[in-house]
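Participant: Attaching a predicted model along with its sequence, questions to come.
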Amino acid sequence: YDGKCVFCRIARREEPGTALLPCEDEDLVCFRDIKPGAPHHYLVVPVQHMGNCKTLRPEHIPLVRRMMEVGKAVLQKNNFNDLNDVRMGFHWPPFCSIAHLHLHVLAPASQLGFLSRIYYRINSYWFIT
């Protein structure tokens with residue numbers, strides 16, 4: 001836990017302005033992005049403080065898979081079912097604003113605006129899917 005990390009505080013329900021969405025994985029939390037790039041834009045965050053995506057190792061593959069499953073489940077709970085029109089990924093440092101691992105879940109990807117299509121471009125220098 002890092003008390004200076006906003007995502008750590010959100011995960012521990014210490015930020016009353018951020019509502020957590022129902023999540024069936026006790027090690028993860030999910031909430032809406034404050035600057036949505038799509039009609040559905042959620043962040044899936046580990047409760048335990050982890051660095052950005054550069055700190056991921058092969059042993060973290062199950063964690064990333066669980067993060068993706070939570071993202072899909074939250075989309076479906078919010079009546080979005082076209083899982084072929086979803087973009088999920090991480091901003092690559094130094095392009096991530098919070099140094100706590102977080103998966104962006106955006107849908108429908110086909111409705112990303114001009115800037116969002118750049119900012120969340122598939123496997124770009126700054127965003128990896």
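Facilitator: Sure, I can see it.
Participant: which of the residues in stretch 89-107 are buried?
Facilitator: With burial defined by 16 or more other C-beta atoms under 10 Å, the residues of stretch 89-107 counted as buried are 89-92, 96, 99-107. For every residue, glycine as well, the C-beta is placed using N, CA and C.
Participant: same deal with stretch 51-67?
Facilitator: 52, 53, 56, 63, 64, 66, 67.
Participant: residues in contact with the one helix or strand the last one maps to?
Facilitator: Meaning residue 67. For residue 67, the element it lies in under DSSP states H and E is helix 61-77. Helix 61-77 is contacted by residues 21-25, 27-28, 30, 40, 42, 44, 46, 56, 81, 83, 86, 88, 103, 105, 107 when judged by C-beta atoms under 8 Å, 6 or more residues apart in numbering.
Participant: try stretch 17-27
Facilitator: Residues external to stretch 17-27 that are found in contact with it (C-beta under 8 Å, 6+ apart): 10, 13, 29-32, 42, 44, 46-48, 63, 66, 69-70, 73-74, 77.
Participant: Any idea how far it is from the middle of the chain?
Facilitator: Distance of stretch 17-27 from its chain centroid, counting by C-alpha atoms, centre = their mean, to the nearest Å, is 12 Å.
Participant: Also stretch 53-73?
Facilitator: 10 Å.
Participant: now residue 98: how far from residue 104?
Facilitator: For residue 98, the distance to residue 104 (C-beta to C-beta, to the nearest Å) stands at 11 Å.
Participant: Next: residue 20.
Facilitator: For residue 20, the distance to residue 104 - C-beta to C-beta - is 17 Å.
Participant: Same check on residue 126?
Facilitator: Per C-beta to C-beta, residue 126 is found 12 Å from residue 104.
Participant: before we move on, back to that, among the buried residues of stretch 89-107, which are in strands?
Facilitator: Judged by DSSP state E, strands contain the following of those: 89, 90, 91, 103, 104, 105, 106, 107.
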